[in-house]
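K.L.:
got a predicted structure here, sequence first:
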Amino acid sequence: MFNDNEEKDNKKIILKVVIPFLLMCVVFGIWIYKNSQQPVTPDSEDVSEFSLYVTEEIDLDNLKSYGLPIILDFGADSCIPCKKMAPVLKELNEELRGKVIVKFVDVWKYQSLAADYPLSLIPTQVFFDSSGNPYNPKDAETMQMKFHYTEDNSEHIFTTHEGGMTKDQLLTILKEMGME
C-alpha cells in the first residue's frame, strides 16, 4: 500500500503537526479550566451587608439597623500597615458574621466611598456601637481614639482610630461596643 518513503513522510507529518496540535489543545484546555475558576478577590466577593469588601457607597443607616457593632476600615491593598491588618479584618468578618459588621474600603480604588468620613491617613477605623452610635470608649486616650463632631451643633458623629490594630485590640473594642 504505502512504500517506505510515504510511511516516513506520514510519520513526519504526525510528529510535526498532529502532536504539537494535540499538545496545544491540552494546554489551552488547562488554561480555560483554570481561568474559569473565579478567584476570591475584593471585586468578585459577595457584596451583601455582611461582606468585608466595600465597592459601593456604604448605607450606614441600613448597617446600623442590624443592631450590631460596626467597624469600617479605610485603607488600601498596597499600604503596608493595611496589609498587616487585612488578615485580621478577614478573620473577624468570617468568625463574627452575624455578631458584628466589619467592612474594608480600599480608598485608592474607591476614593469617593471615603468622602464622608474623617480620614487623614490610612488605615483609619471608624467605630459604631450596637446601638448605632459612635463608639464612646472607656479610655479613649489610651486606646488612641479620636472623636469627631459636627461644626454646627457639636454632635458626636464619628469615633476613629488611625493606624493598624491587632485582633485582640479589635476584639476588646467590639466587646465594649456590645458584641454578644
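P.N.:
Yep, that arrived. Residues are numbered from 1 along each chain as shown.
K.L.:
wait, Asp129 sits on Ile101?
P.N.:
No. Applying CB atoms under 8 Å as the test, Asp129 and Ile101 come out as separate, 11.6 Å apart. C-beta here means a position set from N, CA and C on the backbone, and glycine is covered the same way.
K.L.:
give me the common contacts of the two.
P.N.:
Common neighbours of Asp129 and Ile101, counting by CB atoms under 8 Å, 6 or more residues apart in numbering, are Pro69.
K.L.:
per-domain residue ranges of the chain.
P.N.:
Domain assignment for the chain by automatic domain parsing gives 1-37, 53-176.
K.L.:
and those domains, which one's lowest on average pLDDT?
P.N.:
Least confidently modelled of the domains of the chain is domain 1-37, at a mean of 62 by mean pLDDT.
K.L.:
could you tell me how far stretch 121-128 lies from the centre of the chain?
P.N.:
Relative to its chain's centre, stretch 121-128 lies at 14 Å (CA atoms, centre = their mean, to the nearest Å).
K.L.:
could you pull out the buried residues of it?
P.N.:
Ile122, Pro123, Thr124, Gln125, Val126, Phe127, Phe128 (16 or more other CB atoms under 10 Å).
K.L.:
and those residues as TSV, adding distance to Asp73?
P.N.:
Formatted as TSV, the buried residues of stretch 121-128 follow (distance: CB to CB, whole Å):
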residue	distance to Asp73
Ile122	9
Pro123	6
Thr124	8
Gln125	5
Val126	8
Phe127	10
Phe128	13
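K.L.:
in strands, which of those appear?
P.N.:
Among those, the members found in strands (DSSP state E) are Thr124, Gln125, Val126, Phe127, Phe128.
K.L.:
Leu174 contacts Asn93, doesn't it?
P.N.:
No. Assessed by CB under 8 Å, Leu174 is found out of contact with Asn93, at 11.7 Å.
K.L.:
list the contacts of Ile70.
P.N.:
Per CB under 8 Å, 6+ apart, neighbours of Ile70: Leu63, Lys64, Val100, Ile101, Val102, Lys103, Val126, Phe127, Phe128.
K.L.:
quick check: end-to-end length of stretch 66-86?
P.N.:
24 Å (CA to CA, to the nearest Å).
K.L.:
ok, now stretch 134-142?
P.N.:
17 Å.
K.L.:
what does stretch 113-120 give?
P.N.:
14 Å.
K.L.:
contact partners of it?
P.N.:
54-58, 72, 74, 105, 107, 124, 126, 146, 148, 158, 160, 162.
K.L.:
which of those residues fall in strands?
P.N.:
Those of those lying in strands (DSSP E): Val54, Leu72, Phe74, Val105, Thr124, Val126, Lys146, His148, Phe158, Thr160, Glu162.
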